[in-house]
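J.: the following comprises the amino acid sequence and a computationally predicted model.
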Amino acid sequence: LASFLQNNFEDENFGKKSLNHQRVMVEYSSPNTNKPLHLGHLRNNFLGWSVAEILKANGNDVIKTSIVNDRGIHICKSMIAWQMFANGATPQSTHEKGDHLVGDYYVKFNDEYKKEVSELVQSGMAKEEADKEAPIMKKTQKMLLYWEQGKPEVRELWNMMNSWVYKGFDETYKRIGSDFDHTFYESNTYLLGKDFVQEGLQKNILFKKEDGSVWIDLTGEGLDEKLVLRGDGTSVYITQDIGLAIQKFEEYHLDKSIYVIGDEQLYHMKVLKEIIRKLGMNFADNIYHLSYGMVELTTGKMKSREGTVVDADDLIDEMVATAEKHTEELGKVKDFTKKELHELYETLGLGAMKFYLLRVDPKKRMIFNPEESIDFHGFTGPFVQYTYARIQSILRKVEGQPSAISYQPSAIHLLPLERQLIIFLEKYSIIITEAANEMNPSIIANYVFNLAKLYNSFYAEHSVANAETNEKKSFRLQLSVMTANIIRSGLQLLGIRVPERM
RNA sequence: GGUCCCGUAGUUCAAUGGAUAGAAUAGAAGUUUCCUAAACUUUAGAUACAAGUUCGAUUCUUGUCGGGACUACCA
């Protein structure tokens, strides 16, 4: 055991493989451009990013992508409301983040819409008719039509408002460390897939109803009949998904295409896969839906229209502020510069939040209590980060590099905690493989937490710097270095940074 | 109605069919002249209910009760 340690403690890449050369695309972000990101997006982002990194660590060639839903009636709603109520307000003029500004007008639309409908109902109109006849809704539908015709004023407004939103998203993505190799836009992909519908019709996989709409019969697969093209010949959601799925495989020569999408779309993804299989595409089996459970609040489901969403930016700010509060209370880093402090707060706040969202099985729904802030003690990111900082503190104080002091591994008599630690460190390699096979970052979060816990027990029991003998000292230094390396490496796969001091 | 998912300490989460069901937090009690107490140690507390398969079930099957998702010519 001690030899294992001596051979590996300096290897920064311990546990990582370079064997599986598969080309994998992970699509892990699909925001709408009519409102800001929320807690659900964060779970999606952290999960997808982490899975991509874990697959990389196992030697795969990974392409990270996002698909932006930048068109459709919901975008027009924000646009109409902005025209009606904003008086030309921009992010510059209001000093508001672009995505939030646009989101405000989406909310405004719904308020106005509700008002108009209730007015119509009061004047004696049936609810259903009023839903359709409300002037603001009619205007919006007209705008969508203009958008599709490419009317310049509408496209200009659309471009302008979207650019605000992208700038806002970029800020958030940058802060949380999310990055993409490629971004797809639905305004570019929404016409895709129609050719395959024609092909499917010819092959008798699809059928046409009297009204001209095209369907696929999946009753044999335990699903229903599903519409793939409207009666007027326009695409629906699934039409473009068929086109995009095929395009991905053809353009990028993928071995596997992973979609990180909520489990509410289980049915949709099943249908997509079935259609592609029926079209005779041999890669249908390489489409994988990594479904994750919705984040719910203790007060119920998040609904953006009812204002019961946990906004991503607000939550991040809150976490960073909590980190600041704890740090100031403890007063251990009073000599830090402003910049260093700022960085530490971000590292800790985001670490707490990412760990919180990644430590549970992605497939399960999770419940978030907005009243209680995310903890910094116990099974948390900061706990693991603290263990790392503690080890760095030892290394700073001890003179000489641990590698410079040698000892005979066979001569080391291992104490129970030392033995447990080495055995635990050795498991890291298996853990990474397991996490990749199951596409489950929580395996790493659990591992890294238990490692930190074990090290802390060891730390409380035995002194490193003042070990019984010089041999023991260098042995324990190596033990500490390797623990720190694995903590850093494991947290990195979760998108969490480590502080040198905290 | 149909299809699918989920019910584990007060709370949030663990447990390829295997030993005494693990953690964290909240509760109780301790630990700092000694490497960072954001830590450590001790303590109490749970498999919704009922049958079945099995040497053995939190895990598999069926039923009951409870929660959720999907079932749009929305995306």
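T.: Cool, got the structure.

J.: burial check on residue A:99, number of neighbours?
T.: Using other Cβ atoms under 10 Å, residue A:99 has 28 neighbouring residues. Bear in mind the C-beta positions are built from the backbone N, C-alpha and C, glycine included.

J.: distance of the closest residue to it other than its chain neighbours from residue A:79?
T.: Nearest residue to residue A:99, sequence neighbours excluded (Cβ to Cβ, 6 or more residues apart in numbering): residue A:168, at 3.2 Å. Separation of residue A:168 from residue A:79 (Cβ to Cβ, to the nearest Å) stands at 16 Å.

J.: element containing the residue nearest to residue A:99, please.
T.: For residue A:168, the host element (DSSP states H and E) is helix A:152-176.

J.: show me what that helix is in contact with.
T.: Residues external to helix A:152-176 that are found in contact with it (Cβ atoms under 8 Å, 6 or more residues apart in numbering): A:31, A:33-34, A:36-37, A:42, A:45-46, A:70-71, A:75, A:78-79, A:82-83, A:90-91, A:97-102, A:143, A:146-147, A:179, A:312-313, A:316, A:346, A:350, A:354, A:495.

J.: run the last query once more with 7 Å
T.: For helix A:152-176, contacts defined as Cβ atoms under 7 Å, 6 or more residues apart in numbering pick out A:31, A:33, A:36-37, A:45, A:70, A:75, A:78-79, A:82, A:91, A:97-102, A:143, A:146-147, A:312-313, A:316, A:350.

J.: tell me the pLDDT at the residue nearest to residue A:99?
T.: In the prediction, the pLDDT value recorded for residue A:168 is 97.

J.: swap in residue A:305?
T.: For residue A:305, the model assigns a pLDDT of 68.

J.: same deal with residue A:164?
T.: Confidence score, pLDDT, at residue A:164: 97.

J.: near RNA strand B, which residues of the stretch 1-150 of chain A show up?
T.: Selection of the stretch 1-150 of chain A residues close to RNA strand B by Cβ under 7 Å from any atom of the strand yields A:32, A:69, A:71-73.

J.: among the residues you listed, which are located in strands?
T.: Applying DSSP state E to these, no entry is found in strands.

J.: which one of these has the most neighbours?
T.: Within those, most neighbours by other Cβ under 10 Å means residue A:32, with 23 neighbours.

J.: Provide the partner residues of that one in its beta bridges.
T.: residue A:69 (DSSP bridges).

J.: ok, now which ones touch residue A:382?
T.: Contacts of residue A:382 by Cβ under 7 Å, 6+ apart are A:348, A:351-352, A:376.

J.: right, and out of these, which lies closest to residue A:243?
T.: residue A:351 (39.5 Å; Cβ to Cβ).

J.: and the strands in the stretch 101-250 of chain A?
T.: A:182-185, A:206-208, A:214-217, A:225-229 (DSSP state E, counting those that start in this stretch).

J.: which stretch among these comes nearest RNA strand B?
T.: strand A:225-229 (4.6 Å; Cβ to the nearest atom of the strand).

J.: can I get the CA coordinates of that closest one in PDB?
T.: Output of strand A:225-229 as PDB, limited to C-alpha atoms (Å, rounded to 0.1, in the frame of the first residue of the first chain):
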ATOM      1  CA  GLU A 225     -49.900   8.400 -32.900                       C
ATOM      2  CA  LYS A 226     -47.700  11.400 -33.100                       C
ATOM      3  CA  LEU A 227     -47.900  14.500 -35.400                       C
ATOM      4  CA  VAL A 228     -44.700  15.200 -37.200                       C
ATOM      5  CA  LEU A 229     -45.900  17.900 -39.700                       C
END
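
J.: run through who's touching that strand.
T.: Under the contact criterion Cβ under 7 Å, 6+ apart, strand A:225-229 has outside partners A:197, A:206, A:213-219, A:235-236, A:238-239, A:271.

J.: so which of those also contact RNA strand B?
T.: Counting by Cβ under 7 Å from any atom of the strand, the members of the contacts of strand A:225-229 near RNA strand B are A:213, A:235-236.

J.: thinking again about what came up before, compare residue A:168 and residue A:79 and say which one has the larger neighbour count.
T.: Higher neighbour count among residue A:168 and residue A:79: residue A:79, with 26 against 23, using other Cβ under 10 Å.

J.: quick check: that one touching residue A:142?
T.: No. Shown here, residue A:79 and residue A:142 do not form a contact pair, counting by Cβ atoms under 7 Å, at 11.5 Å.

J.: thinking again about what came up before, reformat the strands of the stretch 101-250 of chain A as JSON lines; add mean neighbour count.
T.: Listed next are the strands of the stretch 101-250 of chain A as JSON lines, based on neighbours: other Cβ atoms under 10 Å:
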{"stretch": "strand A:182-185", "mean neighbour count": "15"}
{"stretch": "strand A:206-208", "mean neighbour count": "16"}
{"stretch": "strand A:214-217", "mean neighbour count": "18"}
{"stretch": "strand A:225-229", "mean neighbour count": "19"}
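
J.: switch these over to a markdown table; also include mean pLDDT.
T.: Below are those laid out as a markdown table (pLDDT from 0 to 100):
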| stretch | mean pLDDT |
| --- | --- |
| strand A:182-185 | 95 |
| strand A:206-208 | 91 |
| strand A:214-217 | 91 |
| strand A:225-229 | 90 |
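
J.: mind checking how far residue A:466 is from residue A:393?
T.: Distance of residue A:466 to residue A:393, given as Cβ to Cβ: 14 Å.

J.: then residue A:320?
T.: Residue A:320 is 23 Å from residue A:393, by Cβ to Cβ.

J.: neighbour count for these two, which is higher?
T.: More crowded of residue A:320 and residue A:393, by other Cβ under 10 Å: residue A:320, with 21 against 14.

J.: I'd guess that one is in a helix, am I close?
T.: Yes. Applying DSSP: H, G, I helix; E, B strand; the rest coil, one finds residue A:320 inside a helix.

J.: ok, it - contacts?
T.: A:345-346, A:349.

J.: kindly recompute the last result at 8 Å.
T.: A:345-346, A:348-350.

J.: likewise for residue A:392?
T.: A:484, A:500-501.

J.: which element, helix or strand, includes it?
T.: Taking DSSP H and E as the criterion, residue A:392 maps to helix A:381-397.

J.: does RNA strand B have contacts with that helix?
T.: Yes. Helix A:381-397 reaches RNA strand B (Cβ under 7 Å from any atom of the strand) through A:382-383, A:386, A:389-390, A:392-394, A:397.
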